[in-house]
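>>> 3D model of this:
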Amino acid sequence: MARKPAAAPVRVAEPPPPAPEPVAANSDLVDVSPVAGSGIDRNKIPANVPQPLGPQDFEHSKAPDLLQSLTRSLPFTSLENQSGNPFQQDFNYRGFVASPVPGTPQGIAVYQNGVRINEAYGDVVNWAFLPEVAINKLTLQPNNPVFGLNAIGGALSIDMKNGFNYHGTQFDALSGMYGRLTGTVQSGVQTDNLSIYAAADATNDRGWRDHSSSSYLRRMYTDLGAKGEQTEFHLMFTGADNMLGATAATPLQLLNQRWSSVYTWPQTTHQQLAFGQA
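Alright, predicted model coming up:
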């Protein structure tokens, strides 16, 4: 009796398991408190938080200063100039203001590396003290009580550069009308677990009216950093020496004779800053 060969087992190929969803390499982390390391994904925040701004956004805006960069990049923002100086403007976000002018109702808290920089007198914000070239990330938060009682309209959280996130040396020079000259330089170096970063900028603006030298700005920022397995320490310093000028109202009779005429001068404000953080 012939024996039939056994049939070979039939195996059905199973489909491979689905690949995990790719994770975005550059996730938008938003600081939900002034404390460093509190960032979470922007998409997980139950609020309309604008995308954080970085150096590439400031460069893309082609704005001459920080405040104009913000209004060109952030929604629902605008500027008002009640002081007569382009470096002392009011920043408005949905009707709430962060202003350098005493007496203005302040509704926005501003933090630099987790430290509130609203002045004790009137909660004013001296925008001219912030070197734009040294800003690594800027986040505009809607009203968040974690940022303090005076953040009813929102908070600006500014993270500065350091030697761990910036490497190399860069120098820029710009010029414009009415004697506007600006120069910036920055450099960052990392050696193993140590880093150093330094930045400085200078701006001169002659102004377009008689005796109306608008301003000169001299600002610097340095950061010394050390990193361990689970800890990180930074020693930071911000310095500034600014002369800000403004021209008051001029009678129409003088303006009809010569549009660049002024009535009273000089009206200048000398501001100096020495601000250390650790």
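
>>> Can you give me the end-to-end span of stretch 224-239?
Taking CA to CA, to the nearest Å, stretch 224-239 runs 15 Å from one end to the other.

>>> Show me what counts as buried in it.
224-225, 227, 234, 236, 238-239 (16 or more other CB atoms under 10 Å). For the C-beta atoms, the positions are set from N, CA and C on the backbone; glycine is no exception.

>>> so which two of those residues are the farthest from each other?
227 and 239 (24.7 Å; CB to CB).

>>> just to revisit the earlier point, and of the buried residues of stretch 224-239, the nearest to residue 135?
Taking CB to CB as the measure, residue 238 is the one of the buried residues of stretch 224-239 closest to residue 135, at 11.5 Å.

>>> Need the three-state assignment for the closest one.
Residue 238 carries the three-state label strand when classified by DSSP: H, G, I helix; E, B strand; the rest coil.

>>> What sits closest to it if chain neighbours are left out?
residue 275 (4.3 Å; CB to CB, 6 or more residues apart in numbering).

>>> Show residues contacting the helix or strand hosting the one you found.
For residue 275, the enclosing helix or strand under DSSP states H and E is strand 268-277. Here strand 268-277 makes contact (CB atoms under 8 Å, 6 or more residues apart in numbering) with 88, 112-113, 115, 117, 126, 128-129, 213, 234-246.

>>> Only the buried members of those: can you turn that into a ChimeraX selection?
Remark: buried members of the contacts of strand 268-277, expressed as a ChimeraX selection using 16+ other CB under 10 Å:
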select :88,112,113,117,126,128,129,213,234,236,238,239,240,242,243,244,245,246
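
>>> what residues are up against residue 67?
79, 89, 91, 127.

>>> May I see these arranged in JSON lines, with distance to residue 268 as well?
Compiled in JSON lines, the contacts of residue 67 are given as follows (distance: CB to CB, whole Å):
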{"residue": "79", "distance to residue 268": "21"}
{"residue": "89", "distance to residue 268": "17"}
{"residue": "91", "distance to residue 268": "22"}
{"residue": "127", "distance to residue 268": "17"}
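
>>> ok, and the most crowded of these?
The most crowded member of those, judged by other CB atoms under 10 Å, is residue 91 (24 neighbours).

>>> before we move on, back to that, in its sheet, which strands sit next to the strand holding residue 275, and in what direction?
strand 232-245 (antiparallel) (DSSP bridges).

>>> give me the low-pLDDT residue ranges for this protein?
In the predicted model of the chain, residues 1-28, 31-38, 42, 44-47, 213-214 satisfy pLDDT under 70.

>>> Which residue ranges of it form helices?
Secondary structure of the chain (DSSP state H): helices located at 55-61, 66-73, 252-257.

>>> Indicate which one of these is closest to residue 158.
helix 66-73 (9.6 Å).

>>> Report the buried residues of that closest one.
66-67, 69-71, 73.

>>> Please apply the same query to stretch 268-278.
Of the residues in stretch 268-278, 269, 271, 273 count as buried by neighbour count, 16+ other CB under 10 Å.

>>> for residue 48, what are its contacts?
Residue 48 neighbours (CB under 8 Å, 6+ apart): residue 142.

>>> go on, residue 237?
220-222, 274-277.

>>> try 10 Å this time
198, 220-224, 274-278 (CB atoms under 10 Å, 6 or more residues apart in numbering).

>>> Check residue 77 too.
50, 67, 70-71, 91-94, 140, 154.

>>> what sits opposite it in the beta ladder?
Here residue 77, judged by DSSP bridges, has bridge partners residue 93.

>>> before we move on, back to that, of the helices of the chain, which is nearest residue 265?
Per CB to CB, nearest to residue 265 of these: helix 252-257, 12.4 Å.

>>> Tell me the one among the contacts of residue 67 nearest to residue 145.
Once CB to CB is applied, the member of the contacts of residue 67 that ends up nearest residue 145 is residue 91, at 20.7 Å.

>>> Alright, that wraps it up for me.
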